[in-house]
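Peer 1: my questions concern the predicted model and sequence given below.
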Amino acid sequence: MQIRKTNRLMDYDYGAVGIYFVTICALNRQHIFGEIKNCQNDGNHVGAFIERPNYGTAQIILSDIGNILKQNIEKISQIYDGINVDKYVIMPNHIHMIISIIQEQQHGRSVNAPTISTIVRHLKAYTTRVVGAPIFQKSFHDHIIRCEKDYQMIWDYIEHNIDKWHEDRYY
């Protein structure tokens with residue numbers, strides 16, 4: 001039996017106050033969350049960005065599953081005190097999010113804050129339950145954002161991800 005390599009940093013507390021870049025993929029990278037359309041942005045489209053400016057001509061048209069996922073992502077900050085989804089994008093077969101744990105600290109750890117793994121596990125489980133079928137790959141990719149430059153670079157990546165879909169490794 002093959003032993004799976006862990007995606008997380010050893011001995012790192014993923015419930016600590018911090019900012020995390022998370023990528024979650026659809027099962028078998030199927031295009032089930034929506035599709036990218038290259039058309040003029042008239043400001044009336046269904047988009048997955050929070051405060052997306054008029055950049056480029058591509059937009060995502062979310063599927064029913066994509067809309068369920070969008071609603072669940074937007075509930076994360078309401079469900080968990082001290083957790084913010086700063087930025088996200090839903091792509092046809094994956095999701096990128098910047099998640100901040102901002103709660104008060106006690107001995108270096110957030111008081112009652114869930115870990116990033118718990119947040120992702122609950123998002124995936126609840127969305128899967130509503131959809132009624134498995135829709136996500138096992139696990140997820142994360143990156144701990146450690147400085148303002150890194151944060152801005154990832155923010156920009158998410159902001160322009162739809163416009164660069166044809167260059168995406170998940171395309």
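Peer 2: Now that the structure is in, tell me what you want to look at.

Peer 1: would you agree I32 is in contact with L62?
Peer 2: No: counting by CB atoms under 8 Å, I32 does not reach L62; the two are 10.4 Å apart. Any C-beta I mention is one placed from the backbone N, CA and C, and that applies to glycine too.

Peer 1: so when I look at K124, I'm seeing a strand, right?
Peer 2: No: applying DSSP: H, G, I helix; E, B strand; the rest coil, one finds K124 to be helix, outside a strand.

Peer 1: tally up the residues packed near it, please.
Peer 2: Residue neighbour count, defined by other CB atoms under 10 Å, stands at 21 for K124.

Peer 1: measure stretch 155-167 end to end?
Peer 2: Its start and end residues considered, stretch 155-167 measures 17 Å (CA to CA, to the nearest Å).

Peer 1: off-centre distance for that stretch?
Peer 2: In terms of CA atoms, centre = their mean, to the nearest Å, the centre of stretch 155-167 is found 13 Å from the chain centre.

Peer 1: give me the buried positions along that stretch.
Peer 2: Residues of stretch 155-167 classed as buried under the neighbour-count rule (16 or more other CB atoms under 10 Å) are I158, E159, H160, N161, I162, D163, W165.

Peer 1: residues touching the first one, list them.
Peer 2: The one in question is I158. Residues near I158 by CB atoms under 8 Å, 6 or more residues apart in numbering: F49, K87, Y88, V89, H96, M97, I98.

Peer 1: looking at those residues, which has the most residues close by?
Peer 2: That'd be M97 among the contacts of I158, by other CB under 10 Å, with 24 neighbours.

Peer 1: who's that one bridged to?
Peer 2: V22, Y88 (DSSP bridges).
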